[in-house]
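Undergrad: Sequence and computational prediction follow.
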Amino acid sequence: MNYLAHLALSHDNSDVMLGNFIGDFVKGSNYSRYSPSVRQGILLHRKIDAFTDAHPVVRASCELLKDTYGRYAGIIVDMFYDHFLALNWDTYHKSMPLSRFVSKTHRVLMFNYFRLPNEVKSMLPFLIKSRRLENYANLAGLARALNIMARHTSLPNNTGEAIRCLNENYILFGDHFGEFFPQVTAMVDEELKGVGEK
């Protein structure tokens, strides 16, 4: 799962949201430096990733991208799934509209700016200014996000091919997401039983 999905799966709890957002940037046992509720979000991030990577529907999505992206196919699928989540936000996250949720996320991250890992601090202003999380809903926004990742990570710069594959298999990727997301949501709901909004 990519940023938007991790945030959406945080039960609107600010500390869990923070931990879930920074999960990729907190390695090994470094999560123990954070408060218990942020720590819970970091560990939840890891559980979501493990659940996602092992899921047969996600693997089927990855197969559609293997020729172009090889071992990076899962990253592209995560981005595609964020697109379908943003596009169908009202179906999966009824508590608030996407634009309001994204604004809330920005406030949470800025309020906790000095607790963020350095890599997150450096990219956060650009993520906020572009409203990248909200713009996953359109293909132009998705393409911009893929290009940014290709520039700043080891992800191959094959954005055009990724968008072509998405367009050619749009219904199939959407069906995969529609089958998978309720299952990962159920797993998270079980993990976060008793954790309310904050």
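TA: Arrived safely. Numbers count the residues shown, from 1 in each chain.

Undergrad: Which strands and helices lie in contact with the lengthiest helix in the chain?
TA: Using DSSP state H, we find that the single longest helix of the chain is helix 170-191. Using 3 or more C-beta pairs under 8 Å, 6 or more residues apart in numbering; DSSP states H and E, the elements in contact with helix 170-191 are helix 36-54, helix 56-63, helix 73-87. Placement of C-beta: from N, CA and C, glycine included.

Undergrad: quick one: the helix or strand just after the second one to chain centroid distance?
TA: Looking back up the chat, that one is helix 56-63. Using DSSP states H and E, the next helix or strand after helix 56-63 towards the C-terminus is helix 66-69. Relative to the chain's own centre, helix 66-69 is displaced by 21 Å; criterion: C-alpha atoms, centre = their mean, to the nearest Å.

Undergrad: if we can go back for a sec, want to throw the helices and strands packed on helix 170-191 into JSON lines with distance to Asn2?
TA: Below are these laid out as JSON lines (distance: least, C-beta to C-beta, whole Å):
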{"stretch": "helix 36-54", "distance to Asn2": "10"}
{"stretch": "helix 56-63", "distance to Asn2": "12"}
{"stretch": "helix 73-87", "distance to Asn2": "4"}
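
Undergrad: just to revisit the earlier point, just the buried residues of the longest helix of the chain, please?
TA: Phe173, Gly174, His176, Phe177, Phe180, Phe181, Val184, Met187, Val188, Glu191 (16 or more other C-beta atoms under 10 Å).

Undergrad: ranking the helices and strands packed on helix 170-191 by burial, who's on top?
TA: helix 73-87 (a mean of 23; mean count of other C-beta atoms under 10 Å).

Undergrad: Residues contacting it, please?
TA: 1-5, 8, 52-53, 58, 61-66, 69, 92, 98, 133-137, 139, 142, 145-146, 149, 155, 162, 166, 173-174, 177-178, 180-181 (C-beta atoms under 8 Å, 6 or more residues apart in numbering).

Undergrad: okay, the helices and strands packed on helix 170-191 in TSV with mean pLDDT and distance to Asn13 next?
TA: Converted to TSV, the helices and strands packed on helix 170-191 look like this (pLDDT from 0 to 100; distance: least, C-beta to C-beta, whole Å):
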stretch	mean pLDDT	distance to Asn13
helix 36-54	95	7
helix 56-63	97	25
helix 73-87	96	18
